[in-house]
Every structure is written in C-alpha cells, then in structure tokens.
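Enquirer: The sequence isn't on hand, but the structure is:
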C-alpha cells in the first residue's frame, strides 16, 4: 500500500495538471471568441435591443435586417470588389516578388544576403505614417492619386519585406542539390526556382500569400490618405462611414464586419494546408 501511494499521487498530479491546462485553454478560447460572439449577436439584434439594459447576450427575436441594410447599400458591391481586387493583386505580386528576392538572397547573394535581410527588417521598423506624405506627392506627380493602383503599390511595398524574410527561411531549407540537378537538366536559375524550389517551399508561399492578403485587406491609413472618391473606397473606409458624428449604426457596423470576414475565411480555406505547414516551419520536397 505504501508503494502505491507515490503512484496514486503522481496520477492525481498528472490528472490535475491536465485538467488545469484544458481549463486554461478553454478560458483563452472563450476570451478570444467573445468579441466575435458579441459581433454576431449585435448584428442580429433589432435597433431597440442594442442599447437595452440589462445587457442581452442574445437577441430575443434575431433578425437579418442589419445584413439586408448593409447589402442594400449602393456602395457595398463597390467597396467589396475594390478590396478583393486590391488585396488579391497586392498579395499575388508581393508573393511573386518576394519569391524571386528570397531565392536570390538565399542562393545567389551569399553572405551579402544576410546584410540585405537586416536592411529589410530595419526598413520595417520605420513608422508607416512617415511614408504617407512622400507617397502622396509621388502618386500626385505620377497621376495615380485617388486610384486603386496607388493602394496596390503601397500594399506591395509594405508587405514585400516581411514576405521576403519569411520566404527566405523556407527556401534556405530546400537542399541546394535540387537546384544543381535542375541546372544540369537544362533549367536556368528562374526555371529551377519555379519548377523545383517553389513546389518544395509551397508551405511558405501559402503562408506568405495569406499574410500579404490579410495585411492588404485590413490596410486603412493609406486608403484614407490616398483615395477620396466613393468609387475607389475599400472596406475599411466603408466600415468607418457607419460611424457618424452623433451616432453609430452598431447593428449595420457589426453586420458589415462579419461580411468582410467571409473573403478572408475563403482565402484561409484555400491555403489552409500550406498555411499550417508554413507556420510550423515545415518544408516538403
């Protein structure tokens, strides 16, 4: 019996530790999902229940009126289309340029690549707001002010350094022997990159594409500073338009917020497998 006591104590401690870990995870999960739950709840509430006291965690009579009001807005299709276009083009171009740059830094630059990567990271430390005025004058000179092209260019410039740094890690893990075999078979450096290295580093490419798409989708500062006309609005500006001087349309605001998440979920599902592998740092050959 005395010999069984340490074993029972160990089992109790292990069980207690497991329960405590699960309880902690559940607490964090509740805290993470609570804002989203409140967003859904508010979007389904009639106007009279949003400010009701005591607080109602779920509407007594859920309604889709807020979603109908948002979708019926004249600018809804415009801001969603503009945002998808800007984010999609920005993420695609940023990923392609980062792929070429990271391959060059990893394979061709040698030790100079390390210095260039450090310069890229230092460039990211500069506050983004300092670039607003220079970009404004540059785009005004080029005639690109108040265009979607201006937003695409700025998004690419903001996401490409981090994208390059991330992709370089994955390409560095691809054996150089694969490049050499491709070169022996007649491929050039670009052919070796596209036919051999890129498929092996697809996990990182998926992760980088999602990062660039997400960053471009949520960008607000340059969208506010470089565009003015309603035809060039993106979703971040559309959301702020629901915040008035004297009142906030909370129901419509939350409904629009939920609708803007849908494209992100679609992109996430498309790159989910590669994204998980990329975040784990894995590379498959």
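Expert: Noted; the coordinates are in hand. Everything numeric in this text was worked out from a predicted model, so none of it was measured.
Enquirer: Touching stretch 247-261 from outside, list them.
Expert: The contact list for stretch 247-261 (C-beta atoms under 8 Å, 6 or more residues apart in numbering) reads 39-40, 42-43, 45-47, 50, 65-67, 69-71, 80, 83, 217, 235, 238-239, 242-243. No exception for glycine: its C-beta is placed from N, CA and C like everyone else's.
Enquirer: These, buried ones only, as a ChimeraX selection?
Expert: Buried residues within these, by 16 or more other C-beta atoms under 10 Å, are selected in ChimeraX with:
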select :39,40,42,43,45,50,65,66,67,70,80,83,217,235,238,239,242
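Enquirer: Next step: the contacts of stretch 247-261 restricted to helices.
Expert: 39-40, 42-43, 47, 50, 65-67, 69-71, 80, 83, 217, 235, 238-239 (DSSP state H).
Enquirer: How about the contacts made by the residue nearest to residue 226 when sequence neighbours are not counted?
Expert: Residue nearest to residue 226 in three dimensions, not counting chain neighbours: residue 150, with 4.7 Å by C-beta to C-beta, 6 or more residues apart in numbering. Counting by C-beta under 8 Å, 6+ apart, residue 150 makes contact with 135, 139, 144, 222, 226, 227.
Enquirer: Any chance of a markdown table for those residues, columns secondary structure, neighbour count and distance to residue 119?
Expert: Output for the contacts of residue 150, formatted as a markdown table (DSSP: H, G, I helix; E, B strand; the rest coil; neighbours: other C-beta atoms under 10 Å; distance: C-beta to C-beta, whole Å):
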| residue | secondary structure | neighbour count | distance to residue 119 |
| --- | --- | --- | --- |
| 135 | helix | 18 | 20 |
| 139 | helix | 21 | 25 |
| 144 | coil | 17 | 27 |
| 222 | helix | 23 | 23 |
| 226 | helix | 23 | 26 |
| 227 | coil | 20 | 30 |
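Enquirer: Which single one of the residues you listed is nearest to residue 198?
Expert: Taking C-beta to C-beta as the measure, residue 198 lies nearest residue 222 of these, at 29.6 Å.
Enquirer: What about residue 231, how many residues nearby?
Expert: Other residues lying near residue 231 total 13 when counted by other C-beta atoms under 10 Å.
Enquirer: Spit out the contact partners of residue 272.
Expert: Residue 272 neighbours (C-beta under 8 Å, 6+ apart): none.
Enquirer: I'd guess it is in a helix, am I close?
Expert: Yes. Under DSSP: H, G, I helix; E, B strand; the rest coil, residue 272 falls within a helix.
Enquirer: Tell me which stretches of the stretch 151-285 of the chain form helices.
Expert: Per DSSP state H, counting those that start in this stretch, the stretch 151-285 of the chain carries helices over the ranges 176-184, 189-192, 198-200, 202-218, 221-226, 235-240, 250-280.
Enquirer: Just name the most buried of those.
Expert: Mean neighbour count (mean count of other C-beta atoms under 10 Å) peaks for helix 202-218 among those, with a mean of 23.
Enquirer: helices or strands next to that helix in the packing?
Expert: helix 76-103, helix 148-173, helix 250-280 (3 or more C-beta pairs under 8 Å, 6 or more residues apart in numbering; DSSP states H and E).
Enquirer: So which residue is dead centre in the protein?
Expert: Closest residue to the average C-alpha location of the chain: residue 214 at 2.3 Å, with C-alpha atoms, centre = their mean.
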